[in-house]
Structure formats: structure tokens, C-alpha cells
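Novice: got a sequence here, can you build the structure:
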Amino acid sequence: MAVVCVDAGTTMIKVAGYADDGTELVVVRRPTEVSRPAPGHAEQDMAAVWRAVADGVREVAGRLATATGTGTGTGIDFLALTAQGDGCWPVDRAGDPAGPAILWNDGRAGAVVEEWSRAGVLGEAFRANGSLTFAGLPNAILTWLRARDPDRLARMSAALTCGGWLFARLTGEIAADGSDASAPFLDIRALRYSDELLRLYGMEWARPLLPPLRGDGERVAALRPDAAAELGLAAGTPVVLAPYDIAATAIGVGAVDTGQACTILGTTLCTETVVESPALDGEPSGLTIAMGLPGRYLRAFPTLAGGQVVDWACRVLGLAGDPRGLAELAARAPAGAGGLVFLPYLSPAGERAPFLDPRARGAFHGLTVEHEREHLARAVLEGLSLVVRDCLTAAGTRPTELRVSGGGSASPVWLGMLADATGVPVVRSADTEPGARGAFIVGLLATGRAVDARAAADAHVRPGDVHEPDPGRAAHYTAAYQDFLDVRRATGPAWPTLAALRARTGPTGPAPDGTRP
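Specialist: Sure thing, here's the model as predicted:
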């Protein structure tokens, strides 16, 4: 027997096949496209994402059949699913897309969030929900649609997430996992939708669009026949709706106990700490996520720009799009990058964690003609590493180690820099796809094949290399972190001006000579 697990990321669909003892046998990846039809917009074709998942599962099922000597699709114990979170994946009454998905890193609703902030709504909502609303959450997106695209809103029967959309295609059931539903409408302590939060956002009208919640004991449904035919699996195969990707990845790297922390060096740079209960009385920041394990939550700080910053730096510096190449160049410069400070807020939607500002913009500070490519590379990775420290500080905890995963974890240079910047050992995951591994562990629990998350993690998670902080460099980065914060505070007042400048001269504005591009 075997298990298939899907991790549907923003730019890559990953499908892993495991033996029944948890041994990873095969991994297949399918790229997906993010479209940007207007400045600040980020969308995906929902049908294309489904096709990438179906193709990937079919290939994995076939290769598992060869590896295990069973018939194609007939020896699969269960299919577990995790996916990117937040955003709005709209479906109509037939369960078909009511338009493209609007993603978590979409910024079109920035003005909506700013108005809520001015009115004090965001702080009040945090006291019930534990999450600070940003433009890529469904409350902001749905409010924008009501004002700017009412026809699309009228076609909608439910506002799903990526995981909910794929679960609906697989099983025919409209549902939301507690992690996906945590922000923005959940009473995070009671783990149910809050009518008070809907009232606070002026969104009582949106209540019918919220999908039914699935508790931790209600994660499993049967694979419907038409989907089974597309995937090459047997109809009726159990499908497990695992927590969304940041929670599944925490589980997949073994961070399941209170106080443990991890960082995903992926499309988002997501730093998260496991807690026993929501903290609703501190400074509003980040997200509080129902983890999918009894009595466990995540204090999560997913930035709007992570791996995309690395991709951008590789592109402008003429490197292959790989964090290892950027890190190798960065290693040629000393710690501190010759006095450069880089603010890595490159998302057109600004930043959401550990602070919220849709107008935040990135910059190099301290640049002179003496700086070379290696200084720029070093400053980029230092800036990203100091953001991880900033998120750990916002979480209010100091973990004994930081477990890491994602594409950036392939770079020993960057992991050493992270250890120095945070002052704690950094432990790389040895699994190829920790998100899928987390879905595998949740699937074991949901189908009764395991009864304890800690025991299941100990049995199936494989930690890899450990990078210890260097005391001298750690002391340097303690001072550098304060410099980073000082530069950000000094720069912040200019962000509204820069955002307005971009709006006037961006891709849809006139070229310098007055012509249209």
C-alpha cells in the first residue's frame, strides 16, 4: 500500500508518493503561473491549478504502482492535500470557478484595509481573531469585489481557498479547514465563524459565502468517480483535507510542541511559533492559525515577499535563479555588506508581517560606488535574515532552535547567516517536501493510522544539517538588527510618496518621453 500527498503552492505543485512506512518513493513537480493583469493584482487560473494537480497525482500514482508492484491507483491508502492559504478562490453554484482566483499576495484591496485601519477596525478585530487583516485576505477581497466587480460577486456561491477548491474538485464537498478559516472571520478561541467580526467589517452580507467548517475529526471524504478517473485512483479513496501549507509545513518539519519554531524560505518568508492558546492582547501583528492539532496554534508571520526577492536579486545580478548562486556571491562580501542595509519589502502589495503597511517599499541604503555585486547579494540575504529575526521578536519567544524548509534551505551559506542573525541553531529539513510530509502525518492521524502527533512526527520527520551561530557574527547581527529597524523607521514616512509615484509612472502610466509603452 502507499500514500499520495499534494502540496499546491503558489508557483509550484508538489506531489509526493510514500510507502506505507513513510518512506518517500517519488516526488513530481508541476509549475503554475501567477498572472498580474493590473498593477498590484495577483491571480491564478483555477482550472489550470486543478489540471496541474491531477496530472501530478496521475504520474505519482503510476510510478508508485511500478515501485510497489500494485495496479495503478488501486494500492493507495489515502490522498492528503495541503495548499497555499488566504486569497479568494470563487466558485458558483455548480462548483465551477466564478472567475480567476485572487491570491494571498494580491494588493488591489489595499485601500479597503487602510480605511479599516483608520477606523480602528483592525485592532478591534485582532482582539477576537488574533490575526491582522491585510489586502490578500477574503474580507478585504470580497469588499473590493462588492464595490468594483459586483458581477463576479453575484456569480459566487462560496469563497474558498486553494485547498478548499481542490478538495471540492476531489470530493464534491464545499468545506474549509480550520487553519484556512482562521483569518479573518473565525472566533479563534471558539473555532467558529464570528457574526461579530462580520458586523465589524460591515460584511453581514458575506455570511452565505463562507464554506462550512471541517473540524479536526472531519477531515476525510471520498474521492468522487469523475475525479478518480482524472487522477488514476480508485473511486472512494479517502481524501484528507490537511491544514494549509504553512501549518502543514510546521508539522512536516517536526514543530508540533509549544515553543518550537520554524521558517519557510519559500515564496513567502514565513516564520512561525507553536503556542497553546491565542494571545489577543498584544500589539496586533501577524496571524494566529488553528494548527490542525488539538490544543495547538501557530503564531505565524508570513511576509509578502521572500523567495521572490531572491529571484529578483538573481535576475538583476545576472545569476541563475537559485538561492545557492546568490549565496555564493554573497559569501565573497564581509558581514555587514560594506555598510549596506537592504529593506526587502519588494511586493507590490507592501508588507503584512510582522507589520502591516500596503505602501511599504524596498530599498538599498548606504550605497556608494565602492559597492560591488557581492555586497548587493550579501545585503539582500542579510535583509531577509533580519526579517526572520524581526518575526521571532514579534512572536515574543526565543526558541532553542529554528527548523527551516523551502527552496532557500538548499543554501548552507544562507542557513549559516540565519543562525548568526537569529542567534539560535538552524536545523534544515532532510525531507524533499516538508509540506507534503506534514499532510502525510495529518493523514495518518485523520484516518486512524496514528493517534499522537509527536510520536508520528518522531517516526516520520528527518532533520538534516544543523548550523550553529558563530558568537562573533551573532553579536554583529544583534547590532545590525537595531540598525535595520532604525533605517526602516526613517524610511517609512517616504513610502506613501513612493507608492504614489509608482501609481503615476508604473506599467500602465506614460513613458518618460510621454508615449505609451
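Novice: going by C-alpha atoms from here, please, whenever you check contacts or count neighbours.
Specialist: Fine.
Novice: now do the end-to-end distance for stretch 315-327.
Specialist: Criterion C-alpha to C-alpha, to the nearest Å; first-to-last residue distance in stretch 315-327 is 14 Å.
Novice: list the buried residues of that stretch.
Specialist: Neighbour-count burial for stretch 315-327, counted by 16 or more other C-alpha atoms under 10 Å, picks out 319, 321-327.
Novice: quick one: mean pLDDT over that stretch.
Specialist: For stretch 315-327, mean pLDDT rounds to 85.
Novice: report whether R437 is found in a helix, as I expect.
Specialist: Yes: R437: assigned to a helix according to DSSP: H, G, I helix; E, B strand; the rest coil.
Novice: and the residue lying closest to it once chain neighbours are set aside, what pLDDT?
Specialist: What sits nearest to R437 in space, not counting adjacent residues and going by C-alpha to C-alpha, 6 or more residues apart in numbering, is G252, at 4.8 Å. You'll see G252 listed with a pLDDT of 97.
Novice: just V309 next, same as before
Specialist: For V309, pLDDT reads 95.
Novice: with just CA atoms, put the helix or strand hosting A459 into PDB.
Specialist: Secondary structure assignment for A459, by DSSP states H and E: helix 453-460. Below are the C-alpha coordinates for helix 453-460, written out as PDB (Å, rounded to 0.1, in the frame of the first residue of the first chain):
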ATOM      1  CA  ALA A 453       1.200  13.900  16.600                       C
ATOM      2  CA  ARG A 454       4.500  14.000  18.500                       C
ATOM      3  CA  ALA A 455       5.000  10.200  18.000                       C
ATOM      4  CA  ALA A 456       4.100  10.400  14.400                       C
ATOM      5  CA  ALA A 457       6.500  13.300  13.800                       C
ATOM      6  CA  ASP A 458       9.300  11.500  15.600                       C
ATOM      7  CA  ALA A 459       8.700   8.400  13.400                       C
ATOM      8  CA  HIS A 460       8.500  10.200  10.100                       C
END
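Novice: among the buried residues of stretch 315-327, which are in helices?
Specialist: The helices, defined by DSSP state H, take in 323-327 from the buried residues of stretch 315-327.
Novice: turn the buried residues of stretch 315-327 into CSV, including distance to G464.
Specialist: Shown next, in CSV, are the buried residues of stretch 315-327 (distance: C-alpha to C-alpha, whole Å):
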residue, distance to G464
L319, 27
G321, 24
D322, 20
P323, 18
R324, 17
G325, 21
L326, 22
A327, 19
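Novice: from the residues you listed, which is closest to T288?
Specialist: P323 (29.1 Å; C-alpha to C-alpha).
Novice: excluding its backbone neighbours, what's nearest that closest one?
Specialist: Nearest to P323 is G408, by C-alpha to C-alpha, 6+ apart, at 5.8 Å.
Novice: what's the neighbour count on the one you found?
Specialist: Per other C-alpha atoms under 10 Å, the neighbour tally for G408 reads 23.
Novice: quick check: it touching T267?
Specialist: No: using C-alpha atoms under 8 Å, G408 is not in contact with T267, being 9.5 Å away.
Novice: mind listing the shared neighbours of these two?
Specialist: By C-alpha atoms under 8 Å, 6 or more residues apart in numbering, G408 and T267 have these common neighbours: G307.
Novice: where do the strands sit along the stretch 101-250 of the chain?
Specialist: 101-102, 158-160, 176-177, 186-187, 192-193, 213-214, 220-222, 238-241 (DSSP state E, counting those that start in this stretch).
Novice: and of these, who's closest to P434?
Specialist: strand 238-241 (16.2 Å).
Novice: how about the lowest-mean-pLDDT helix or strand in the chain: buried residues?
Specialist: When each helix and strand of the chain is scored by mean pLDDT, DSSP states H and E, helix 495-505 comes last, with a mean of 86. Using 16+ other C-alpha under 10 Å as the test for burial, helix 495-505 gives 495, 499.
Novice: what of stretch 115-135?
Specialist: Under 16+ other C-alpha under 10 Å, the buried positions of stretch 115-135 are 116-117, 121-135.
Novice: P471: neighbour count?
Specialist: So P471, with other C-alpha under 10 Å, has 11 neighbours.
Novice: quick one: residues contacting it.
Specialist: Applying C-alpha under 8 Å, 6+ apart, the residues near P471 are D420.
Novice: and the strands in the stretch 251-400 of the chain?
Specialist: So, for the stretch 251-400 of the chain - with DSSP E, counting those that start in this stretch - the strands run 261-265, 269-275, 287-290, 297-302, 341-343, 363-365.
Novice: include distance to C162, mean neighbour count and mean pLDDT when you put these into CSV, please.
Specialist: CSV is the format used below for the strands of the stretch 251-400 of the chain (distance: least, C-alpha to C-alpha, whole Å; neighbours: other C-alpha atoms under 10 Å; pLDDT from 0 to 100):
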stretch, distance to C162, mean neighbour count, mean pLDDT
strand 261-265, 19, 27, 96
strand 269-275, 18, 27, 96
strand 287-290, 16, 28, 96
strand 297-302, 17, 27, 96
strand 341-343, 30, 25, 98
strand 363-365, 32, 15, 98
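Novice: nearest to A176, of the ones you listed?
Specialist: A176 lies closest to strand 287-290 among the strands of the stretch 251-400 of the chain, at 12.1 Å (C-alpha to C-alpha).
Novice: and that closest one, how far from the chain's centre?
Specialist: 12 Å (C-alpha atoms, centre = their mean, to the nearest Å).
Novice: so which elements touch it?
Specialist: Contact here means 3 or more C-alpha pairs under 8 Å, 6 or more residues apart in numbering; DSSP states H and E; on that basis strand 287-290 packs against helix 178-181, strand 297-302.
Novice: reformat those as CSV; add distance to L402.
Specialist: Below are the helices and strands packed on strand 287-290 laid out as CSV (distance: least, C-alpha to C-alpha, whole Å):
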stretch, distance to L402
helix 178-181, 22
strand 297-302, 14
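Novice: out of those, which is closest to G423?
Specialist: strand 297-302 (18.5 Å).
Novice: and that closest one, C-alpha only, in PDB?
Specialist: In PDB, the C-alpha atoms belonging to strand 297-302 read as follows (Å, rounded to 0.1, in the frame of the first residue of the first chain):
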ATOM      1  CA  TYR A 297      -2.000  27.200  17.400                       C
ATOM      2  CA  LEU A 298       0.600  28.900  15.200                       C
ATOM      3  CA  ARG A 299       1.700  32.500  15.700                       C
ATOM      4  CA  ALA A 300       2.700  33.000  12.100                       C
ATOM      5  CA  PHE A 301       4.400  35.900  10.300                       C
ATOM      6  CA  PRO A 302       4.200  35.200   6.600                       C
END
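Novice: how far off centre is stretch 459-470?
Specialist: Worked out by C-alpha atoms, centre = their mean, stretch 459-470 lies 22 Å from the chain centre.
Novice: show me what contacts L197?
Specialist: By C-alpha under 8 Å, 6+ apart, the residues touching L197 are 125, 128, 185-187.
Novice: CA-only coordinates of stretch 412-423, as PDB, when you get a sec.
Specialist: Extracted in PDB, the C-alpha atoms of stretch 412-423 (Å, rounded to 0.1, in the frame of the first residue of the first chain):
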ATOM      1  CA  PRO A 412      24.300  26.400   3.500                       C
ATOM      2  CA  VAL A 413      25.600  29.900   3.300                       C
ATOM      3  CA  TRP A 414      22.200  31.400   3.900                       C
ATOM      4  CA  LEU A 415      21.400  29.000   6.700                       C
ATOM      5  CA  GLY A 416      24.600  29.900   8.400                       C
ATOM      6  CA  MET A 417      23.700  33.600   8.000                       C
ATOM      7  CA  LEU A 418      20.200  32.900   9.500                       C
ATOM      8  CA  ALA A 419      21.800  31.200  12.500                       C
ATOM      9  CA  ASP A 420      24.100  34.200  13.100                       C
ATOM     10  CA  ALA A 421      21.200  36.700  12.500                       C
ATOM     11  CA  THR A 422      18.800  34.900  14.900                       C
ATOM     12  CA  GLY A 423      21.300  33.700  17.400                       C
END
